[in-house]
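Participant: Provide a 3D model corresponding to the input given below.
(chains A and B)
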Amino acid sequence: MNKIEMALLEKVSGLHKIPVGAVNIRKNGEAVKRTSTSEIEIVPKKDGSGIDVFVKPNVKGKSVHIPVLITIGGIDEVVYNDFYIGENADITIIAGCGIHNSSCNSSTHNGIHTFHLAKNSRVKYYESHVGEGEDSGGKILNPTTKIYQDDGSQMDMQTIQIGGVTSTVRKTYASLKNKAKLIVTEKLLTTDFQTADTDFKINLIGAGSSAQIVSRSVAKNYSTQQFKSTLIGKNQCFGHVECDGILLDEARIVSVPKIDAADCNASLIHEAAIGKIAGEELIKLMTLGLTRQQAEEAIIQGFLMGDN
Amino acid sequence: MLKLENISYIVEEDGLNKTILDNVSLTFEDGKTYVITGPNGSGKSTLVKLIMGIETPTSGNITLNGVSLDNLEINQRANLGISYAFQQPVKFKGLKVRDLLDWASGKKNDFATLCHYLSMVGLCARDYIDRALDDKLSGGELKRIELAMALCRNAKVNIFDEPEAGIDLWSFENLTNIFKNLKNCINIIVSHQKKILQIADEVILIKQGKVEKTGKYKQIAPLIESNQCNKLRGEHE
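Facilitator: Got it, this is the predicted structure:
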């Protein structure tokens, strides 16, 4: 891989070099590296539309890297990646897509990831999206994540998109059985005329299931964001959705919450707060010697990159 | 030396002008601790906000060692050596205690330095430096971290707006010791607390936007205590 590709790889997956272990790297519509291990098998789909990843039961402490790189304009792809996580397995999956498009033609990646978590399995899933490149060609990323959680399983999903992506439609669907737990943290920054639409639909079907969805977003310039969430409780369950947005310039953020308690023992909460940076936060940092602009940047950086 | 000359601060309320501070002139000398006291709403907090640049006076001038602060932003005044601890600590989503202390001191601090400043306010650095300064911390913890931020600035002028408010179980003796140990600088503390007033080199009593009297605690105390509505708050109040 060349310098641009390696830099992009690092941005989307934190990798400085091609890792050992289970890996699938896709570049400009083709797999350029695919490695399975005795515990994690990566199999291309017969129709070439993506991969199936099989994690054997009881596999613990292993990781799977599946970054996607696009470095040219004119790509428009739909990729289906399915993950089958065996019982009691505990693994980390690092996905992400980077588009470096310096052409006037748009490139689009539609990644459809489906997770099947068997009983008592645990997955940490990191997904990072990056867009870069000077010319007018769009950098478009539309991730869809479907999560099916069996009894006692846990999914911790962290997604981050910090600038550069022209438009994105991010859909997440989850269905949780008994005592399954889902934690989602989404961090989003849009600038210029970018658009970002997020749509969560979470079904808490099983007794004792729980979901916590936290979205932190910053919209600058003329960018627009829409956050939709539907949380449905069909049993004794707990669900919490939190949408926090910071607005700057002429940007716009719309939050459309829906909580649906279809069982009298369901406990569902939605919180949403959108607004400018609080004046007192700016003043406090300025009393420490930061300029207004430095204070604003520090607050945004902390808001997006800090712990929840 | 910090000098306030003929400072007035007038706001518009319901279409009428309301004078918050009326022609206040004060001189603060290096190496001295001043406690500003007075009834609620007398203009004490406004006065220190004007020094920091958080509010702008309607008229009058402020100078620090002969340099005019009048046209300087808050951060410019901070960089000239003015520190300000808020009455109500500000919370941030995501920013860590370590970040704030680093900005406050203008450099990356090592663990020992962070430990030094946090232990001054009775906190163990190991438990706090990587925590976010958000509402997961108690009011008392936030207040002590606010004080630590002010201390690590090593400023020429230290302003503390009601430092005793919400200080929880931590003793006042520790708090007053902090002020006693701040030497070679100007300390300006807004307070109602008797024990804090007692450590002042000079107490400044403000009433209805005017300086009523300045002097030693013993000289000022009868004036405060003569006003039944605005008695000094007791130690355990």
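Participant: what helices and strands are in contact with the helix or strand hosting residue A:94?
Facilitator: For residue A:94, the host element (DSSP states H and E) is strand A:90-100. Counting contacts by 3 or more Cβ pairs under 8 Å, 6 or more residues apart in numbering or on different chains; DSSP states H and E, strand A:90-100 is packed against helix A:3-13, strand A:60-70, strand A:76-85, strand A:107-117, strand A:122-132, strand A:139-149. Every residue, glycine included, has its C-beta placed from N, CA and C.
Participant: so that strand versus strand A:139-149, what angle?
Facilitator: 160 degrees (axes from the mean of the first three to the mean of the last three Cα atoms, to 10 degrees).
Participant: each with direction, which strands does strand A:90-100 pair with?
Facilitator: strand A:60-70 (parallel), strand A:122-132 (parallel) (DSSP bridges).
Participant: how about low-confidence regions in chain B?
Facilitator: For chain B, applying pLDDT under 70 flags the ranges B:169, B:225-237.
Participant: so how far is the lowest-mean-pLDDT helix or strand in chain A from its chain's centroid?
Facilitator: Using mean pLDDT, DSSP states H and E, the weakest-scoring helix or strand in chain A turns out to be helix A:3-13, at a mean of 82. Centroid separation for helix A:3-13 versus its chain: 18 Å, with Cα atoms, centre = their mean, to the nearest Å.
Participant: just the CA trace of it, in PDB.
Facilitator: Only the C-alpha atoms of helix A:3-13 are listed here, as PDB (Å, rounded to 0.1, in the frame of the first residue of the first chain):
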ATOM      1  CA  LYS A   3       1.500   6.400   1.800                       C
ATOM      2  CA  ILE A   4      -2.000   7.700   1.300                       C
ATOM      3  CA  GLU A   5      -3.500   4.300   1.700                       C
ATOM      4  CA  MET A   6      -1.500   3.500   4.900                       C
ATOM      5  CA  ALA A   7      -2.500   6.900   6.400                       C
ATOM      6  CA  LEU A   8      -6.100   6.200   5.600                       C
ATOM      7  CA  LEU A   9      -5.800   2.700   7.100                       C
ATOM      8  CA  GLU A  10      -4.500   4.300  10.300                       C
ATOM      9  CA  LYS A  11      -7.300   6.800  10.500                       C
ATOM     10  CA  VAL A  12     -10.100   4.200  10.100                       C
ATOM     11  CA  SER A  13      -8.600   1.400  12.100                       C
END
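Participant: contacts for that helix, please.
Facilitator: The contact list for helix A:3-13 (Cβ atoms under 8 Å, 6 or more residues apart in numbering or on different chains) reads A:1, A:15-16, A:18, A:25, A:27, A:65, A:67-69, A:71, A:94-98, A:100, A:128-130, A:132.
Participant: make JSON lines out of the strands paired with strand A:90-100 and add mean pLDDT and mean neighbour count.
Facilitator: JSON lines is the format used below for these (pLDDT from 0 to 100; neighbours: other Cβ atoms under 10 Å in any protein chain shown):
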{"stretch": "strand A:60-70", "mean pLDDT": "93", "mean neighbour count": "21"}
{"stretch": "strand A:122-132", "mean pLDDT": "93", "mean neighbour count": "21"}
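Participant: what would the ones you listed look like in CSV with distance to residue B:91?
Facilitator: Converted to CSV, the strands paired with strand A:90-100 look like this (distance: least, Cβ to Cβ, whole Å):
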stretch, distance to residue B:91
strand A:60-70, 35
strand A:122-132, 28
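Participant: which parts of stretch B:193-209 are buried?
Facilitator: B:193-194, B:196-197, B:199-200, B:202-207, B:209 (16 or more other Cβ atoms under 10 Å in any protein chain shown).
Participant: and the two most separated of those residues?
Facilitator: B:199 and B:209 (25.7 Å; Cβ to Cβ).
Participant: the one helix or strand residue A:293 maps to packs against which elements?
Facilitator: Under the criterion of DSSP H and E, residue A:293 resides in helix A:292-305. Contact partners of helix A:292-305 among helices and strands, from 3+ Cβ pairs under 8 Å, 6+ apart: strand A:181-190, strand A:209-219, strand A:237-247, helix A:279-287, helix B:97-105.
Participant: Serialize the helices and strands packed on strand A:90-100 to JSON lines and add fields for distance to residue B:58.
Facilitator: Conversion of the helices and strands packed on strand A:90-100 to JSON lines gives the following (distance: least, Cβ to Cβ, whole Å):
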{"stretch": "helix A:3-13", "distance to residue B:58": "52"}
{"stretch": "strand A:60-70", "distance to residue B:58": "59"}
{"stretch": "strand A:76-85", "distance to residue B:58": "62"}
{"stretch": "strand A:107-117", "distance to residue B:58": "58"}
{"stretch": "strand A:122-132", "distance to residue B:58": "50"}
{"stretch": "strand A:139-149", "distance to residue B:58": "52"}
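Participant: wait, which of the ones you listed is closest to residue B:42?
Facilitator: strand A:122-132 (54.2 Å).
Participant: got the angle for the closest one vs strand A:107-117?
Facilitator: Going by the same axes, to 10 degrees, strand A:122-132 makes 180 degrees with strand A:107-117.
Participant: just the strands from chain B, written as ranges.
Facilitator: Applying DSSP state E to chain B gives strands spanning B:2-13, B:16-28, B:33-37, B:59-64, B:67-68, B:82-85, B:157-161, B:186-190, B:202-207, B:210-215.
Participant: for those, which one sits closest to residue A:174?
Facilitator: strand B:82-85 (45.4 Å).
Participant: give the pairing partners of that closest one; include direction for each.
Facilitator: For strand B:82-85, pairing defined by DSSP bridges yields strand B:157-161 (parallel).
Participant: what does the partner strand rub up against?
Facilitator: B:2, B:28, B:45, B:48, B:51-52, B:64, B:81-87, B:147, B:150, B:179, B:182, B:185-191.
Participant: picking that back up, which other helices and strands contact whatever helix or strand comes next after the least confident helix or strand of chain A?
Facilitator: Reading on from helix A:3-13 to the C-terminus, the next helix or strand found by DSSP H and E is strand A:22-27. Judged by 3+ Cβ pairs under 8 Å, 6+ apart, strand A:22-27 is in contact with strand A:30-35, strand A:40-44, strand A:50-55, strand A:60-70.
Participant: so what does the shortest one touch, helix or strand wise?
Facilitator: When contacts are defined as 3+ Cβ pairs under 8 Å, 6+ apart, strand A:40-44 packs onto strand A:22-27, strand A:30-35, strand A:50-55, strand A:60-70.
Participant: can I get the CA coordinates of it in CSV?
Facilitator: The C-alpha trace of strand A:40-44 is given here as CSV (Å, rounded to 0.1, in the frame of the first residue of the first chain):
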residue,chain,number,x,y,z
ILE,A,40,-11.9,-16.9,13.3
GLU,A,41,-12.8,-17.8,9.7
ILE,A,42,-13.4,-15.2,7.0
VAL,A,43,-15.2,-16.6,4.0
PRO,A,44,-16.1,-14.6,0.9
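Participant: list the buried ones in that strand?
Facilitator: A:40, A:42.
Participant: and the angle from it to strand A:60-70?
Facilitator: If you take the same axes, to 10 degrees, strand A:40-44 sits at 30 degrees to strand A:60-70.
Participant: ok, residues contacting strand A:40-44?
Facilitator: With Cβ under 8 Å, 6+ apart, strand A:40-44 has contacts from A:21-24, A:31, A:34-36, A:50-56, A:59, A:62, A:64, A:91.
Participant: hmm, which of these are the buried ones?
Facilitator: The neighbour-count test (16+ other Cβ under 10 Å) marks A:22-24, A:36, A:50-56, A:59, A:62, A:64, A:91 as buried among those.
Participant: OK, contacts around the closest residue to chain A within chain B?
Facilitator: With Cβ to the nearest Cβ, the shortest gap between chain B and chain A falls at residue B:94, namely 2.4 Å. Counting by Cβ under 8 Å, 6+ apart, residue B:94 touches A:216, A:301-308, B:132, B:134.
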